[in-house]
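A.B. asks: below are the sequence and a predicted model; questions follow.
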Amino acid sequence: MQKTLLAVAVASALWTPLVATAADSPFSANVSIASQYIYRGIAQSGAKPAIQGGFDYASPNGVYIGTWASSISWLQDTGAASSAGMEWDFYGGYKGTVSGDLGFDVGVLRYYYPLRNLTTGYLSPDTTELYGALSYKWLIVKYSRTVGTALFGWADTSGGKTTGSGYLDISGSFDLGSGWGISAHAGHQTVKGFSPASYSDWRLGVTKDVGFATVGLTASGTNAKDSCSAGEAYCFGPAGGQYSAGKGVIVLSLSKSF
């Protein structure tokens with residue numbers, strides 16, 4: 001669930017690493033530590049700190065590929081697997097300019113979860129999405145669609161795959177100068193064939209470049225039900241120790257790009 005580290009998505013992912021854009025090399029790397037990992041408003045690391053990092057290659061002609069990984073706990077928390085502590089993403093695509101300040105980005109993203117002992121009755125959480133985005137100056141509109149797999153292991157009401165699920169989001173980022181930046185985001189996740197798992201999310205954040213790294217502070221939330229009193233879709237954890245994975249949170253991060 002990461003959010004991609006592609007140029008069009010960087011503005012809306014303050015708690016994930018920032019992609020480096022060194023002019024003298026098409027290669028970049030990033031690493032970060034966050035107070036927890038939140039993706040599309042949903043807790044991925046169970047309110048525990050997460051370490052994250054990735055590598056990217058962007059050619060001058062607009063083609064790019066990359067990989068990114070983060071520590072997680074949600075698969076174990078939900079009982080889907082006895083051992084699954086990492087999300088590992090692979091992505092690639094093409095971005096360019098339509099005209100003037102209007103740009104585009106299209107590509108594919110694969111979320112891979114190395115795990116052992118997938119619990120009987122659960123679908124594989126590995127997910128493939130195709131995405132397309134338009135950007136205009138500081139504004140980005142993006143749509144991602146699940147193809148060929150279930151969305152993060154969600155089954156529809158008949159137990160089948162939730163292929164065709166979609167996520168639409170709009171985000172913007174603003175450079176305030178002197179190393180300060182702010183961003184805002186709103187999105188809606190639709191889980192095809194299982195409406196109780198569909199929800200909307202939002203995020204507001206601020207960053208400060210302190211020289212040796214970038215510090216980020218982000219507030220996020222969703223409208224997913226979070227009482228954990230009736231087995232809601234995003235109520236994770238064992239009986240007696242459940243938590244709302246979609247509740248509002250504040251995330252602190254420290255990231256560095258190379």
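C.D. replies: Perfect, I can see it now.
A.B. asks: could you pull out the buried residues of stretch 38-49?
C.D. replies: Across stretch 38-49, burial judged by 16 or more other C-beta atoms under 10 Å covers I38, Y39, R40, G41, I42, A43, Q44, S45, G46. The C-beta positions use only the backbone N, C-alpha and C, and glycine is treated the same way.
A.B. asks: stretch 99-111 now?
C.D. replies: So for stretch 99-111, counting by 16+ other C-beta under 10 Å, buried means G103, D105, G107, L109, Y111.
A.B. asks: export the strand or helix carrying A133 as PDB, just CAs?
C.D. replies: In the assignment (DSSP states H and E), A133 maps to strand 127-136. Provided in PDB are the C-alpha atoms of strand 127-136 (Å, rounded to 0.1, in the frame of the first residue of the first chain):
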ATOM      1  CA  THR A 127      -1.800  -6.300  -5.600                       C
ATOM      2  CA  THR A 128      -1.200  -4.800  -9.000                       C
ATOM      3  CA  GLU A 129      -2.400  -1.400 -10.000                       C
ATOM      4  CA  LEU A 130      -2.400   0.600 -13.200                       C
ATOM      5  CA  TYR A 131      -2.400   4.400 -12.700                       C
ATOM      6  CA  GLY A 132      -2.700   7.600 -14.600                       C
ATOM      7  CA  ALA A 133      -2.200  11.200 -13.400                       C
ATOM      8  CA  LEU A 134      -2.400  14.700 -14.700                       C
ATOM      9  CA  SER A 135      -0.500  17.500 -13.100                       C
ATOM     10  CA  TYR A 136      -0.800  21.300 -13.400                       C
END
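A.B. asks: which neighbouring elements make contact with it?
C.D. replies: Other elements packing on strand 127-136 under the criterion 3 or more C-beta pairs under 8 Å, 6 or more residues apart in numbering; DSSP states H and E are helix 7-10, strand 102-112, strand 139-146.
A.B. asks: which of the buried residues of stretch 38-49 fall within strands?
C.D. replies: Among the buried residues of stretch 38-49, the members found in strands (DSSP state E) are I38, Y39, I42, A43.
A.B. asks: any chance of the residues you listed in TSV, plus distance to I250 and pLDDT?
C.D. replies: Listed next are these as TSV, based on distance: C-beta to C-beta, whole Å; pLDDT from 0 to 100:
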residue	distance to I250	pLDDT
I38	10	98
Y39	16	98
I42	15	97
A43	12	96
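A.B. asks: greatest separation within these: which pair is it?
C.D. replies: Largest separation among these by C-beta to C-beta: Y39 and A43, giving 8.5 Å.
A.B. asks: what is the burial count for D56?
C.D. replies: A count of neighbours around D56, defined by other C-beta atoms under 10 Å, yields 23.
A.B. asks: which helix or strand contains the closest residue to it other than its chain neighbours?
C.D. replies: Sequence neighbours aside, G66 is the residue nearest to D56 in space, at 3.8 Å (criterion: C-beta to C-beta, 6 or more residues apart in numbering). Following DSSP H and E, one finds G66 within strand 63-71.
A.B. asks: check which residues of the top strand by length along the chain are buried.
C.D. replies: The residue-count maximum for a strand in the chain (DSSP E) belongs to strand 86-99. Neighbour-count burial for strand 86-99 flags E87, W88, D89, Y91, G93, K95 (criterion: 16+ other C-beta under 10 Å).
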